[in-house]
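Novice: the following comprises the amino acid sequence and a computationally predicted model.
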Amino acid sequence: RKADIECQLVVLGSGPGGYTAAFRGADIGLDTVLVERYETLGGVCLNVGCIPSKALLHAAAVIDEADAMAAHGITFGKPKIDLDKLRSFKDGVVGKLTGGLAQMAKARKVRTVTGVGRFISPHELEVQTADGTKLIRFDNAIIAAGSQSVKLPSFPWDDERIIDSTGALELRDVPKKLLVVGGGIIGLEMATVYAGLGAEVTVVELGDQLIPGADADLIKPLQARIAKRYKGIHLKTRVVEAKATKKGIEVTFEGASIPDTTLFDRVLVSVGRSPNGGKVGAEQAGVEVTERGFIPVDRQMRTNVKHIFAIGDLVGQPMLAHKATHEAKVAAEAAAGMKSFFDARVIPSVAYTDPEIAWVGVTEREAKEKGLKIGVGKFPWVASGRAIGIDRTEGFTKLLFDEATHRIVGAGIVGPHAGDLICELALAIEMGAEAGDIGRTVHPHPTLGESVGMAAEVYEGTITDLY
Ligand code: FAD
């Protein structure tokens, strides 16, 4: 059969992994085709993930800050929320970015094909488009089909009051009573949005800690703050059943801490994401896929089939946009014959909750489990002039150093802007910085960033009178 399109590189999926790979491929001279099932480029991150959630979190933060100023003599009154306007603000933010991608694809002469793609052989991808099936014959392929939210099978998903993160971002209404099932990053970010907009939020989490990947001490300030604002946070608790009734979603729980509310107007299920590796016909191309749907790759992001690469959420944890974009460049360059490797030492994680929680590299828990000899420098924000000035002293900055070399191996920050503050520490770890390098770097005063230098000085013993 004659191919409809022939290309040197086909990229399947246009999320942060896919679009970055396609653009890089085109920039280094590969004739590139980008296949995406939806009309807009950008994948989960731009359309229903990172970007719309941050636009809504901004709204929630403004409401919260305005409210907090009442204690300092400035009262704004109860916010009036026009959901349609807020939704168009969020959609506008997404539209600007996805529209920008379409232009960038055009400028690079990346051909985009809209439709669902499936491999039918090691060099052929079939795409179901609105105008029928198109056959793409390629020299190299990059699979970037991402992930989707896990749907708990026992839930009545045909009821529109049961939603996943995509449903939550649609912002159909502000439910009076919202149950968030799953206390991970995504669930807690959406809880932050809806609590800010006025919903009564209950969170249930199966594990014994919110945001399981982070150190327990980083979670404490967040938990203390939201415990005052939410109806309840219930750890070691699971949903046994959710039944759709006229009055609401009736939920039964089991575990250590049962919520006293059982009837909810909406239930947001955010219990993790599963990779789409098993859904793209990879086996027809001879590409190995694990039982869970991940695609194993080497450091060049190459699958077991030499000319087929895989990147992003479907190659493994952490499922984060910035991991996908870095892997994407490596894959595109390797497809072009360059000797590129993914060799990031660390990938930072951020929960954009209020306060934010950010961490990078080794955590204290991991260090203990692995028996690493580390020393900790911790700077509490009660001693930060800037934190006092913004009335947010609950935060702290914690640096972890290898005791033998005094090199930084990990960091955790909790407090407003933790996500921005962690960037410096990712760089410090990549550069092999020692405590002295960080402590003697002149940080501007008074900033929250100063706490990074101070934490290094605490470790070195040049600041001693904090506690
Ligand atoms: P995706 O973004 O999942 O893109 C895959 C694309 O492939 C999709 O567009 C899909 O339609 C397409 N596709 C799949 N199969 C086919 C097929 N057969 N044919 C054609 N097209 C196909 N990460 C962060 O780093 N920071 C954040 O703040 C953050 N916030 C998030 C908030 C939410 C609510 C969610 C859900 C996720 C968030 N993430 C965040 C995670 C982030 O969105 C993902 O890590 C990232 O999108 C993964 O990129 P990707 O390229 O692997 O795949």
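Specialist: Looks like it came in fine. The structure displayed is predicted, hence computed values, not measured ones. Numbers count the residues shown, from 1 in each chain.
Novice: count of residues packed around residue 277?
Specialist: 26 (other CB atoms under 10 Å). Yep, even glycine has a C-beta here, placed from its N, CA and C like the rest.
Novice: switch to numbering from 55
Specialist: Sure, I'll start numbering at 55, so the last one becomes residue 331.
Novice: what sits against it?
Specialist: Residue 331 makes contact with 197, 199, 343-344, 347-349, 364, 368-369, according to CB atoms under 8 Å, 6 or more residues apart in numbering.
Novice: again with residue 200
Specialist: Per CB under 8 Å, 6+ apart, neighbours of residue 200: 67, 69, 71-72, 97-98, 329-330, 366-368.
Novice: try it again at 6 Å.
Specialist: The neighbours of residue 200, taking CB atoms under 6 Å, 6 or more residues apart in numbering as the test, are 67, 69, 97-98, 330, 366-367.
Novice: now for the contacts of residue 331: which two are most distant?
Specialist: 199 and 344 (14.5 Å; CB to CB).
Novice: of the two, who's got more company?
Specialist: Between residue 199 and residue 344, counted using other CB under 10 Å, residue 199 has the larger neighbour count: 32 against 12.
Novice: before we move on, back to that, out of the contacts of residue 331, which is nearest to the ligand?
Specialist: Closest to the ligand out of the contacts of residue 331 is residue 199 (3.5 Å), distances taken as CB to the nearest ligand atom.
Novice: number of residues surrounding residue 80?
Specialist: 24.
Novice: ok, and the closest non-adjacent residue to it?
Specialist: residue 162 (4.0 Å; CB to CB, 6 or more residues apart in numbering).
Novice: phi, psi of the residue nearest the centre of the chain?
Specialist: The chain has residue 374 as the residue nearest its centroid, 4.8 Å off, counting by CA atoms, centre = their mean. Here is the backbone geometry of residue 374 (degrees, to the nearest 10): phi -140, psi 150.
Novice: okay, and the beta partners of residue 286?
Specialist: residue 256 (DSSP bridges).
Novice: just the one 10 residues further on next, same as before
Specialist: According to DSSP bridges, the partner residues bridging residue 296 are residue 305.
Novice: so what's it up against?
Specialist: So residue 296 contacts 209, 303, 305, 321 (CB under 6 Å, 6+ apart).
Novice: can you pick out the most distant pair from these?
Specialist: 209 and 305 (9.6 Å).
Novice: tell me, how many residues neighbour the residue of the stretch 305-454 of the chain found nearest the ligand?
Specialist: Closest residue of the stretch 305-454 of the chain to the ligand, CB to the nearest ligand atom: residue 366 (2.1 Å). When neighbours are defined as other CB under 10 Å, residue 366 has 35 of them.
Novice: surely it meets residue 377?
Specialist: No. At 7.4 Å, residue 366 does not count as touching residue 377 under the criterion of CB atoms under 6 Å.
Novice: just to revisit the earlier point, so the residue nearest to residue 80 is in contact with residue 79, correct?
Specialist: No. Residue 162 lies out of contact with residue 79 (CB under 6 Å); the separation is 9.0 Å.
Novice: between the two, who's got more neighbours?
Specialist: residue 79 (30 against 16).
Novice: just the element for that one, please.
Specialist: helix 70-81 (DSSP states H and E).
Novice: next one: that helix, is it in contact with the ligand?
Specialist: Yes. Residues of helix 70-81 are located near the ligand by CB under 6 Å from any ligand atom, namely 70-72.
Novice: closest to the ligand out of the residues you listed?
Specialist: residue 71 (2.9 Å).
Novice: ok, now how distant is residue 502 from the ligand?
Specialist: 20 Å (CB to the nearest ligand atom, to the nearest Å).
Novice: contacts only, for that residue.
Specialist: 440, 471, 475.
Novice: one more pass at 8 Å, please.
Specialist: 435, 438, 440-441, 449, 469-471, 475.
Novice: residue 343 too?
Specialist: 331-332, 336-337, 349.
Novice: which phi and psi does it have?
Specialist: phi -130, psi 140.
Novice: now the residue of the stretch 305-454 of the chain closest to the ligand. Nearest residue, chain neighbours left out?
Specialist: Nearest to residue 366 is residue 71, by CB to CB, 6+ apart, at 3.1 Å.
Novice: tell me, how many neighbours does the one you found end up with?
Specialist: Neighbours of residue 71 (other CB under 10 Å): 33.
Novice: just residue 391 next, same as before
Specialist: With other CB under 10 Å as criterion, residue 391 counts 10.
Novice: part of a strand, is it?
Specialist: No. Secondary structure of residue 391 (DSSP: H, G, I helix; E, B strand; the rest coil): coil, not part of a strand.
Novice: look up the pLDDT of it for me, please.
Specialist: We have a pLDDT of 98 for residue 391.
Novice: quick one: name the residues of the stretch 205-354 of the chain near the ligand.
Specialist: Going by CB under 6 Å from any ligand atom, the residues of the stretch 205-354 of the chain near the ligand are 219, 240, 330, 334.
Novice: centre of the chain versus the helix or strand where the second one lies, how much separation?
Specialist: According to DSSP H and E, residue 240 maps onto helix 239-250. Its chain's average C-alpha position is 13 Å from that of helix 239-250, according to CA atoms, centre = their mean, to the nearest Å.
Novice: now stretch 190-201
Specialist: 23 Å.
Novice: list the buried residues in stretch 68-81.
Specialist: Using 16 or more other CB atoms under 10 Å as the test for burial, stretch 68-81 gives 68-80.
Novice: correction: stretch 367-382
Specialist: 367-370, 373-382.
Novice: just the CA trace of stretch 121-141, in PDB.
Specialist: Taking Å, rounded to 0.1, in the frame of the first residue of the first chain, the C-alpha atoms of stretch 121-141 are listed here in PDB:
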ATOM      1  CA  ASP A 121      -9.000  37.600  52.900                       C
ATOM      2  CA  ALA A 122      -5.800  37.400  54.900                       C
ATOM      3  CA  MET A 123      -5.300  41.200  54.700                       C
ATOM      4  CA  ALA A 124      -8.400  41.600  56.900                       C
ATOM      5  CA  ALA A 125      -6.200  40.800  59.900                       C
ATOM      6  CA  HIS A 126      -3.900  43.700  58.900                       C
ATOM      7  CA  GLY A 127      -6.600  46.400  58.500                       C
ATOM      8  CA  ILE A 128      -7.600  46.000  54.900                       C
ATOM      9  CA  THR A 129     -11.000  44.500  54.100                       C
ATOM     10  CA  PHE A 130     -12.300  43.800  50.600                       C
ATOM     11  CA  GLY A 131     -15.500  42.100  51.400                       C
ATOM     12  CA  LYS A 132     -16.800  38.800  50.200                       C
ATOM     13  CA  PRO A 133     -15.600  38.000  46.600                       C
ATOM     14  CA  LYS A 134     -18.200  37.900  43.900                       C
ATOM     15  CA  ILE A 135     -17.300  35.100  41.600                       C
ATOM     16  CA  ASP A 136     -18.400  35.200  37.900                       C
ATOM     17  CA  LEU A 137     -17.600  31.600  36.900                       C
ATOM     18  CA  ASP A 138     -18.100  32.200  33.200                       C
ATOM     19  CA  LYS A 139     -15.500  35.000  33.300                       C
ATOM     20  CA  LEU A 140     -13.100  33.000  35.300                       C
ATOM     21  CA  ARG A 141     -13.500  30.100  32.900                       C
END
